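> need a 3D model of the following:
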Amino acid sequence: MLEKGYAEHIPDDEPEPDDGLVWYIPHHGVYHPKKMKLRVVFNCAATYNDGDYGNPPLKYRMKVHMFGTTSSPSCANAALLKTASDNEEMYESEIAEIVRNNFYVDDCLFSEQDVTKTVSCVTQQWIADLPLLEKVSIPRCYKPSDFGTVRACQLHIFSDASNEGYGLTAYLWLKNEMGKVHCSLVMAKARVMPIKKVTTPRLKLTAACVAVRLSRILQKELQYKLTDIFYWTDSMSVIGYVNNETSRFKTFVANRITIIRDGSDPRQWKHIPTALNPADAASRGMRMATFLKMDQWFKGPTFLWESEEEWPSVVKACDNFPEDDPEMKPVVAATVTDESVDIMYRLLNYSSSWLKLKKIIGWFLLFMDYLKRKLKEKQESAKRTQECAEHLAKSKKTKVTVQEEKSRGHLTVKILEKAEVTILCYIQQQYFHDVISALKNPSKESRLNKSIRKLDPFLVD
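Sure, this is the predicted structure:
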C-alpha cells in the first residue's frame with residue numbers, strides 16, 4: 001500500500017487532531033499462493049502487541065477511501081454527484097439529473113421507456129466526437145530520421161477483453177547503437193462483444209489468439225528483421241492456459257490454445273497490470289477527448305521506453321488449475337472388468353438383496369478358508385516324507401467334499417461382518433482406485449478431487 005501510494009506514514013512530530021478522536025485499525029496481509037497476491041485484511045478485533053500497550057504504535061493514514069467502512073457509501077455517492085456536476089456541460093443536463101436522482105449506491109434505477117430516445121442520445125454522443133478525429137495524428141515512419149542504425153528490433157503485442165468487446169495493439173520497438181529506444185504504433189484491432197454470451201476469460205483468450213494471428217501478418221509485412229516478439233496480457237488465466245502442459249480443457253479453450261501454441265512460444269507471453277495495458281482502451285472504448293490524451297496508445301506503455309530491467313517482472317504461471325475450473329474437461333476413469341474372471345463382480349450382480357449378498361459372500365469366505373486349510377495340510381504333509389504313504393491313505397479314508405465342509409460350518413455374525421467389509425473394500429477399489437493410490441502416496445494427496453479432499457479421507461488397514 002505504501003509503494004502504490006494508498007497510505008503514508010504519519011510523522012512523529014505531527015500534532016494529534018484537536019478533537020482528540022483517533023482510531024487505529026489493526027491489519028495484516030493474507031497471501032494467496034495460487035493467485036500470487038497479497039490481500040490486506042483489516043481486523044478491528046485484534047489486540048496490539050499481545051495486549052501490551054506500552055510501546056507506541058506505528059501510525060499510518062490512508063490516502064484513498066477504503067471499502068467496507070461506515071463512510072464508504074457516502075464517499076461513493078459524493079464522488080458520483082461530483083462527477084455528474086463536473087461533466088454536465090459535456091452531456092445533456094437530463095443525463096446529469098439521472099445520475100443525481102436515480103442511483104442507489106452503484107446501481108442506476110432509471111429506465112428509459114422510449115427506446116428511440118435512448119438510441120438517439122447515444123448517437124448524438126458519437127456524432128459529437130466525430131470532429132475530434134481530425135486531431136488524431138500518427139507518424140508515417142516507424143523510425144525517426146535521426147535515429148541511426150537499428151541494432152535490435154522487437155514486436156510487442158498487447159491484448160485485452162471486457163464485457164463490451166476485445167482488442168489489441170501492436171508496437172515496433174527499436175534500439176540504436178547508442179542504446180536509445182523508440183516505440184511506434186503499428187496496428188490495432190477492436191471487436192465488439194459477440195451476440196452469444198461469452199465469459200470474460202474466454203474473450204481474453206480469444207484476444208490472445210487474435211494477437212498471434214496479427215503477429216503472423218506483421219512478420220510478413222514489416223521490413224525489419226525482428227529479434228524478439230512478446231505478447232502481453234493482464235489475464236493470469238491466459239498465461240496459465242498457454243503454459244499448461246498437463247490439464248485438458250473444453251473444446252473452445254483447447255482449440256485456441258492450440259492456435260496460440262502453434263504460433264508462439266509460452267516464454268514469449270508476459271503478464272502486465274491492467275493500468276499499463278494500452279489494449280484496455282480498445283476493449284472498453286472511451287470518449288475521443290480522453291482518447292486523444294492517451295499517450296500510451298500511440299507510443300506504447302512508458303516501460304517500453306525504459307531499460308528492460310524496468311519492464312514488469314515475470315509472473316510464474318500456475319501449473320495446476322483448480323479442479324472446479326469451468327474450462328477443465330472432466331476426467332473420466334473407466335475400469336474394464338472381465339466378468340468371466342472377476343467372481344466378485346458376478347456375485348454382486350447376481351443378488352439384489354443386501355442380506356442375501358452378505359450370506360453369499362460369507363459362504364464364499366468359508367469356502368476360501370476351507371481351501372486354505374487344505375493347502376496348509378498338503379504343505380505340511382509334503383515335509384513329512386517318511387509318513388507320506390500313511391498320510392495319503394488316511395486322507396482317502398477321511399475325504400471330505402466341499403458340500404460336506406459347508407454343511408459343517410455355519411454363518412456367524414463375525415463372518416457376515418467380514419463379508420460386509422469385503423464387499424465395501426471391493427467397491428472402493430473399483431470406483432476410488434485413484435483416491436486409494438493417492439492416500440498411499442502422501443506426495444500425491446494434492447491431486448485428490450476437491451469434493452473428496454474436503455471429506456478428509458484416510459486409509460484403514
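> give me the number of residues near Asp107?
7 (other CB atoms under 10 Å). All C-beta atoms are positioned from the backbone trio N, CA, C, and that covers glycine.
> what of Ala45?
The tally of other residues near Ala45 (other CB under 10 Å) stands at 5.
> just Leu168 next, same as before
Residues near Leu168, counting by other CB under 10 Å, number 29.
> for Lys378, give me phi and psi.
phi -70, psi -40 (degrees, to the nearest 10).
> ok, it - contacts?
The contact partners of Lys378, by CB atoms under 8 Å, 6 or more residues apart in numbering, come to none.
> quick check, pLDDT for it.
You'll see Lys378 listed with a pLDDT of 81.
> look up how far Tyr350 lies from it.
To Tyr350, Lys378 is 31 Å away according to CB to CB, to the nearest Å.
> again with Gln154
For Gln154, the distance to Tyr350 - CB to CB - is 71 Å.
> the more surrounded of those two?
It is Gln154, of Gln154 and Tyr350, that has more neighbours when counted by other CB under 10 Å, with 19 against 10.
> following the strand or helix carrying that one, which helix or strand comes up?
Using DSSP states H and E, Gln154 falls within strand 150-161. Scanning forward in sequence from strand 150-161 by DSSP H and E, the next helix or strand is strand 165-176.
> sorry, back to before: what packs against the strand holding Gln154?
Packing partners of strand 150-161 (3 or more CB pairs under 8 Å, 6 or more residues apart in numbering; DSSP states H and E): strand 165-176, helix 200-221, strand 228-233, helix 279-284.
> let's have these in TSV, adding distance to Ser137 and mean pLDDT.
Converted to TSV, those look like this (distance: least, CB to CB, whole Å; pLDDT from 0 to 100):
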stretch	distance to Ser137	mean pLDDT
strand 165-176	17	95
helix 200-221	22	94
strand 228-233	25	96
helix 279-284	17	92
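> the strand holding Gln154 pairs with which strands, and in what direction?
When pairing is defined by DSSP bridges, strand 150-161 lines up against strand 165-176 (antiparallel), strand 228-233 (parallel).
> now do the last one against helix 200-221, angle only.
Orientation check (axes from the mean of the first three to the mean of the last three CA atoms, to 10 degrees): strand 228-233 against helix 200-221 gives 160 degrees.
> okay, now Ser381: neighbour count?
Residues contacting Ser381 under the criterion other CB under 10 Å number 16.
> can I assume it sits in a helix?
Yes - assessed by DSSP: H, G, I helix; E, B strand; the rest coil, Ser381 belongs to a helix.
> state the distance from it to Gln124.
Noted for Ser381: a distance of 106 Å to Gln124, by CB to CB.
> cool, and Phe367?
For Phe367, the distance to Gln124 (CB to CB) stands at 91 Å.
> pLDDT weak spots in the stretch 301-450 of the chain?
Counting by pLDDT under 70, the stretch 301-450 of the chain contains low-confidence ranges at 317-324, 331-341, 384-409, 443-447.
> hey, where'd the helices end up in it?
Along the stretch 301-450 of the chain, the stretches classed as helices by DSSP state H, counting those that start in this stretch are 343-350, 354-383, 388-397, 402-408, 413-431, 433-440, 450-453.
> may I see the buried residues of the longest one?
In other words, helix 354-383. Going by neighbour count (16 or more other CB atoms under 10 Å), the buried part of helix 354-383 is 357-362, 365-366, 370, 381.
> with the fifth one instead?
With burial defined by 16+ other CB under 10 Å, the residues of helix 413-431 counted as buried are 415, 419, 422-423, 426.
> ends of stretch 83-94, what's the gap?
From its first residue to its last, stretch 83-94 covers 14 Å (CA to CA, to the nearest Å).
> so what touches it?
96, 99-100, 121, 125, 287, 289.
> just the mean pLDDT for it, thanks.
For stretch 83-94, the per-residue pLDDT averages 81.
> can you give me how far that stretch is from the chain middle?
Averaging C-alpha positions (CA atoms, centre = their mean, to the nearest Å) puts stretch 83-94 40 Å from its chain's average.
> likewise for stretch 293-308?
Relative to the chain's own centre, stretch 293-308 is displaced by 29 Å; criterion: CA atoms, centre = their mean.
> now do stretch 284-302
On CA atoms, centre = their mean, the centre of stretch 284-302 falls 30 Å from the chain's centre.
> can you mark which positions in it are buried?
284, 288, 291-292, 296-301.
> which among the strands paired with strand 150-161 is found nearest to Met1?
Met1 sits nearest to strand 228-233 of all the strands paired with strand 150-161, at 25.5 Å, using CB to CB.
> the helix or strand just after that closest one packs against which elements?
For strand 228-233, the following helix or strand on the C-terminal side (DSSP H and E) is helix 236-243. Secondary-structure packing of helix 236-243 (3+ CB pairs under 8 Å, 6+ apart): helix 200-221, helix 251-263, strand 269-271.
> which among the ones you listed is found nearest to Lys454?
Relative to Lys454, the nearest member of the helices and strands packed on helix 236-243 by CB to CB is helix 200-221, separated by 24.6 Å.
> and the closest one, what does it pack onto?
Applying 3+ CB pairs under 8 Å, 6+ apart, one finds that helix 200-221 contacts strand 150-161, strand 165-176, strand 181-192, strand 228-233, helix 236-243, helix 251-263.
> can you redo the ones you listed as a markdown table with distance to Trp23?
Formatted as a markdown table, the helices and strands packed on helix 200-221 follow (distance: least, CB to CB, whole Å):
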| stretch | distance to Trp23 |
| --- | --- |
| strand 150-161 | 40 |
| strand 165-176 | 44 |
| strand 181-192 | 47 |
| strand 228-233 | 41 |
| helix 236-243 | 36 |
| helix 251-263 | 48 |
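> quick one: closest of these to Val41.
Comparison of the helices and strands packed on helix 200-221 against Val41 by CB to CB identifies helix 236-243 as nearest, at 21.3 Å.
> just read off the phi/psi values of Lys82.
According to degrees, to the nearest 10, Lys82 has phi -60, psi -40.
> which ones are touching the most centrally placed residue in the chain?
With distances taken as CA atoms, centre = their mean, Ser237 lies nearest the centre of the chain, 5.3 Å away. When the contact criterion is CB under 8 Å, 6+ apart, the partners of Ser237 are 201, 204-205.
> mind checking pLDDT for it?
Per-residue confidence (pLDDT) for Ser237: 89.
> what about Glu309, how many neighbours?
The local packing of Glu309 (other CB under 10 Å) involves 6 other residues.
> once you drop chain neighbours, what's closest to Gly105?
I think there's a mix-up here, since residue 105 is Val and not Gly. In space, and not counting its chain neighbours, Val105 is closest to Pro73: 6.0 Å by CB to CB, 6 or more residues apart in numbering.
> correct me if wrong, but that neighbour is in a helix.
Yes - under the criterion used here (three-state DSSP), Pro73 sits inside a helix.
> run a quick neighbour tally on it.
Neighbour count for Pro73, taken as other CB under 10 Å: 13.
> what does Arg151 give?
13.
> contact partners for it?
175-177.
> looking at the residues you listed, which is nearest Val192?
Lys175 (36.5 Å).
> if I look at the closest residue to that closest one other than its chain neighbours, how far off is Ile260?
Leaving aside its chain neighbours, Lys175 sits nearest to Ala152 (4.2 Å; criterion: CB to CB, 6+ apart). Distance, Ala152 to Ile260, using CB to CB: 25 Å.
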